[in-house]
Each structure stands twice: as structure tokens, then as C-alpha cells.
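*Asks:* Have a look at this prediction, sequence included:
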Amino acid sequence: MKSTILALCLLALGSGPAVARSVGPTPAPMPAPVPAPQDRPYPGVIHLTVDATDTAHHVFRVHETIPVQASGPMILLYPQWVPGNHSANGPLTELAGLILHANGKRLAWVRDPVNVFAFHIDVPQGVRTIDADFQRLAPVEPRVGRITMTHEMLDLEWNTVALYPAGYFSRDITFAPSITVRDGWRIGTALTPASTSGSTTAFKPVTFNTLVDSPLYAGHYFRRFNLDPGGPVPVWLDVVADHPRELDASPEAIAAHRALVQQAYKLFGSHHYNHYDFLLSLSDREGGIGLEHHRSSEDGTSEDYFTDWAHAYTGRDLLAHEYTHSWNGKFRRPADLWTPNFNVPMRDSLLWVYEGQTQYWGYVLAARSGLWTKQQALDALANVAATYDARIGRTWRPLEDTTNDPIIANRRPLSWMSWQRSEDYYSEGQLIWLDADTLIRQLSHGTKSLDTFARDFFGIDNGSYVTVTYTFDDIVHALNQVQPYDWATFLKTRLNGHGPGAPLDGLARGGYKLVYTDTPSPFFKENETRRHISDLTFSLGATVAKNGTLVGVLWDGPAFKAGLTDGARILAVNGTAYTAGRLADAITAARGTTAPIDLAVQNGYRYFTVHVDYHNGLRYPHLERIPGTPDRLGEILTPRR
């Protein structure tokens, strides 16, 4: 009997590992993949009309007429990988009501079960065009997403309202777009109008990649400023606002924006557009944004941007950053970030150049143009240096890996940003480029700088806006053309190192050191005021909202060690009801003592007291001149003549 059982077991298991089979289901076959794009012209012109008048419901109503040449299977795509976002975040959930017609009859569609951005259709015999009708249901409240339509204004990104045929490069598909807005509204966009009838504007046909790269702002309260009268090509600042008084820009403010254009030309020695429109919304109702495009920006900021010019400066590098992207990111782009259409995955490995160097030039151009004073730029840089010097996540995760964050996290909130890291290629990348700039200046005895690199690398093909790609080796080669050095090792060491601390050699070589005092800089204080927070990151290890709720806790800092997390709310400080001033006073009083700071805290349904063991007082970052050293950083921030 034992022999029979053994024989049956061997029969079930097979004769050995080579033929062994598990018991259970096998995978179902995958559907055929969506055809890869080919560089061939798509026949005909796709007509796209958008009705944007339903501002009450935040609805864009869309009609497309799509020419076809043959019957049979066809795939329409909704854009998934959105340029500038570096991730697959096309707002597919906002597409609704999709109905197709051909020759007056309804045409069925089937969504691909794997690639859900793809819609399969079967084109009947004799059909020459397909009509598509659908809506884009824009968010109606911030918890759903960024508000892009209000009673006063709208921000239209064409990728959110377009379906396009699979199997083609986006540059080979031509669209003829038009939009209808509310009566009395005006429009700002890089597109060229072909005709206007009432509140409907039709634009000249453009390739699909150009259309997606040309957002549109429209609004009831609109003003346009000429930023380069008599320049080589037109440059405009198109502003929409919640109220007409918010359009009242002072001559000083407009002069700084005009200087931004001139300082960028002096830096790059070129322009890569036939005209440029800064699109700027000033609103506390529409969501803020900063997104780059080749011939425009897409920016949204606070409603007092112009009307409180003396104080509303903390985010004033925004336009300088996005303008720089016309050169770095749009004209010259990392090779693995360029894709043939908007449904081919992007790879973000060089974002420390695309975004990191742009972040660097954003600060520099803000200072050179007068959007910031030199001291404001120094104070802003001190905040960056201190933030990344305290970012403990560097000990396990290299900076280069954070270039994957747009795909990994897609900018969702994190519980422990200082440990997890989040898109640090922006501002830690900025510090690396400061390091490179000051090193070039030192090695060349002041005859060369990163300005030289910018002109040589981004200034080629003046007037062209056909993208030119680059690789890591291209960056290294270009740096060596400016100043011979082992730039590959320089960059890799900083991109793949683990600290401790941020790369601050550029500060020291620039003639400054990072220090802390018990008094915040005006820039730091204004940032606290505008964000309605108390930023105690460098002392208590926490940032506290106006009502006492923790909105940022530093991993392994004093607040962390006491058991606090984001979302906890401080109710009392040393037995007295919480205010920001009382917490600051308690931190000051505990300096040099052994007594803890007692905090009564609510976290969800729990109430408890924590004892924070911190005794070094208030600490706020500043940059301090190193005596006897060249002020290279000051020179970097000085306007070019």
C-alpha cells in the first residue's frame, strides 16, 4: 500500500523539478497592447470645440470631429502622461458622458481593460468622420482637485478636453481648436486666433503637441501688459483676477517683470518662441499653479500679488522659474522625458537638471530682475539650505531616486516628508547647481560661470522652438567645455551620496555660511504670515498651523521623539491655552534648562500630555558673510548690464 501511495504522489508531482506543475489557475491572456506611435502624418484635421460657459457647474462641454480614412478597428486615447507634471496624472476621472456618432448613428466604444486611457471602436464601412461628445467635469471643491473654473475665470488645459488617435506622434496630428466663453470675458493664450464671433474664438490649426503646450486663461477681469516693447518678439503678461482692483499693478511691479525678460535674454542669449505669454491668475478661489510651457507659462498665485507688492514677495520667483523652463525643459529636454505622444511613459532621471537648475535660475533671475531684493534672495536661500540640511531621509535615499517621486507619489501628501523625501531634486538640486556655479567661478578665476553654461547649452538655435534633447553625458561634456573638471564624479557624488547634511559647499565658496539665530528673517516671517503657520522646524522640529494643529513634524526631531505626528493639535502649553506666542515663549524659557516643555495634545479621539525635551531655544536660518572671502554669491545675484 505504501508503494502505491508513493507512486501516486510521484505521478501527481511529475518526475522532477523540470516537469513539476503547481495546482491552481493559470493567468488569462493579456489583451493586445495599444499600437506604438509612428512618425507619420495623420490624415485630415481634428476639429475640437469647447463650450466653457457653464461656470456654475464647472463643466467643459466638448465636441470633436475626427476624420478617418478606413473602416475597421480604431483606438482613441485620452492623454495620460502630462508634460510638466512628469507623471501619469491625466484627469481621466473627470471625463464623462462620452458618446460617439458616425453617419448620424451612435457608435459603440469599449474601454481597454488594461490601458484604461484607451477607447476601442469599430469604424463602419463608408464612415469618413467620427463625432465625439463628452464633458470634462472640473473639480467643484478643493478636496476633489485643483479648481480650474469659477464665476470669474477659468484655466483650460487642452489635454483635459481632447481624445486623439493612437498610433501617431502627437506632432503629426493637427487640431483646429475653438472655445466659447461667457459674454464679456477675455482670453490669454499662446495660440493664434483665426476668427472671433461673439464669445467664440477659433484658433489657427496647430499640431497636437503644440495645442497641449498652449493652455488658455479666460476671465471677466482681465488685463494685458506689454513686457518687451520693441523687443525681438512680443512678450505679454496676461492677468485674470477675482476683482478689478487686483489688476492694479504699480509701475514698479511691471518694471520688475520687464526686467525679468531682459535678464533672461542676457543670461541665455536667445529666445525659443515667436511670442510669449505669461498667463497669471490672481485668485483665492481658483487653485494656484505653476506649470511650464514653451510659449507661455501657466501660473496662479494670491489675489494680492500686485496690490500688496511690499509684502507679497515670498513666492515671487514663480514666474522666473516657469519662464526659465522655456529654455530648460521645453526647448532643451532630457531625452527620457521626451515622448512621441501623451500615452507613452516618461522617465524622470534628469529632473535634477530640468527642475533643479531651473529652480536655481528662478531664484537668480528673481534677484537680478528686482522681483526680489538681494537680501530677500539670500534669506530665501537660507531657508532652502536649512531645510535640506535637516532632511534626514538622505541617510537612506539618494537625491537621484527622488526624480521618481512624480510617478511614485504623484504629489500626494506624505506622513513623514523629511524621512521619505519628496521631489528633492528641485531645491537640493538647486544647491548642487550653486555648488557648480561657484566652483566654475573659483577655478576660472572669475572668467567663467554657470551663466556661460546657460548661454552655450540653452542658447543654441536662437528663435527655434523645436525641442533638442540631452543626456547626462551631454551635461558633463557641456560643463567641461566651460571649465575642465571631473564633472561626472562631481555630479554623481552629490546625486547618489548619503550626507550627512545638504550640499552646502556652494554657500561657503560663495562667501556665506548657514547660521541660526532666535529671530526670523523678514522673508521667513512673511512666509509664516502668508501660510498662517509657526515654522519651528529648526527648534521644536515641527510646523504648527494657526489653530495649533501640527502640519509638519521632523523625523527624529524633538517633537517626533515626544510622540507627536502630523494632525495632532496642541491645546495647551505648560498648562495655558495654546497660542503661537505662548509656544515660542515656552521654547525660549526652556533654553539652557532641564525642564521639559509640556504640551496638552489632541490626536483624533485621544487626549494626552507630552513632555518635549528641547533646550536650545528658537532657531531661524540666516546666511552670514564669511569675512575675507570673495562674495561670489552676491555677484551671482547682481543684475547683468
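*Replies:* Perfect, thanks for sending it.
*Asks:* CA only for contacts and neighbour counts going forward, please
*Replies:* Fine.
*Asks:* Toward the C-terminus from the helix or strand of the chain with the lowest mean pLDDT, list the very next helix or strand.
*Replies:* Counting by mean pLDDT, DSSP states H and E, the chain has its least confident helix or strand at helix 2-13, which shows a mean of 44. Sequence order places strand 45-54 as the next helix or strand after helix 2-13, per DSSP states H and E.
*Asks:* which strands and helices sit next to the following helix or strand past that next one?
*Replies:* Per DSSP H and E, the first helix or strand lying C-terminal to strand 45-54 is strand 59-67. For strand 59-67, the packing partners by 3 or more C-alpha pairs under 8 Å, 6 or more residues apart in numbering; DSSP states H and E come out as strand 45-54, strand 129-137.
*Asks:* In CSV: the ones you listed, plus mean neighbour count, distance to His257 and mean pLDDT.
*Replies:* As requested, the helices and strands packed on strand 59-67 are exported to CSV (neighbours: other C-alpha atoms under 10 Å; distance: least, C-alpha to C-alpha, whole Å; pLDDT from 0 to 100):
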stretch, mean neighbour count, distance to His257, mean pLDDT
strand 45-54, 20, 30, 98
strand 129-137, 20, 34, 98
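*Asks:* Turn those into TSV, including distance to Thr93.
*Replies:* Output for the helices and strands packed on strand 59-67, formatted as TSV (distance: least, C-alpha to C-alpha, whole Å):
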stretch	distance to Thr93
strand 45-54	18
strand 129-137	8
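*Asks:* Quick check: mean pLDDT of stretch 318-325?
*Replies:* Average pLDDT, stretch 318-325: 98.
*Asks:* Name the residues of it that are buried.
*Replies:* For stretch 318-325, the neighbour count (16 or more other C-alpha atoms under 10 Å) marks 318-325 as buried.
*Asks:* One more: stretch 619-629?
*Replies:* Those buried within stretch 619-629 under the rule 16+ other C-alpha under 10 Å are 619-626.
*Asks:* Show only the entries of those residues found in strands.
*Replies:* If you go by DSSP state E, the buried residues of stretch 619-629 have 620-625 in strands.
*Asks:* Point out where this structure drops to low pLDDT.
*Replies:* 1-20 (pLDDT under 70).
*Asks:* And for Val235, nearest residue in space, chain neighbours not counted?
*Replies:* Tyr276 (4.7 Å; C-alpha to C-alpha, 6 or more residues apart in numbering).
*Asks:* what's the one you found in contact with, if anything?
*Replies:* Residues counted as contacts of Tyr276 (C-alpha atoms under 8 Å, 6 or more residues apart in numbering) are 190, 233-236, 295-296.
*Asks:* Can you check which of the helices and strands packed on strand 59-67 gets nearest to Glu152?
*Replies:* Glu152 lies closest, by C-alpha to C-alpha, to one member of the helices and strands packed on strand 59-67: strand 45-54, at 11.0 Å.
*Asks:* count of residues packed around Pro27?
*Replies:* 5 (other C-alpha atoms under 10 Å).
*Asks:* List the contacts of the nearest residue to Gly604 once chain neighbours are set aside.
*Replies:* Nearest non-adjacent residue to Gly604, counting by C-alpha to C-alpha, 6+ apart: Ala568, 7.4 Å away. By C-alpha under 8 Å, 6+ apart, Ala568 lies in contact with 549-550, 601-604.
*Asks:* and the residues you listed, which are buried?
*Replies:* Buried, going by 16+ other C-alpha under 10 Å: 549-550, 601-603, out of these.
*Asks:* and the buried residues of stretch 318-325 as CSV, adding distance to Thr129?
*Replies:* Shown next, in CSV, are those (distance: C-alpha to C-alpha, whole Å):
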residue, distance to Thr129
Leu318, 43
Leu319, 42
Ala320, 44
His321, 42
Glu322, 39
Tyr323, 39
Thr324, 41
His325, 38
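*Asks:* Thanks a lot, catch you later.
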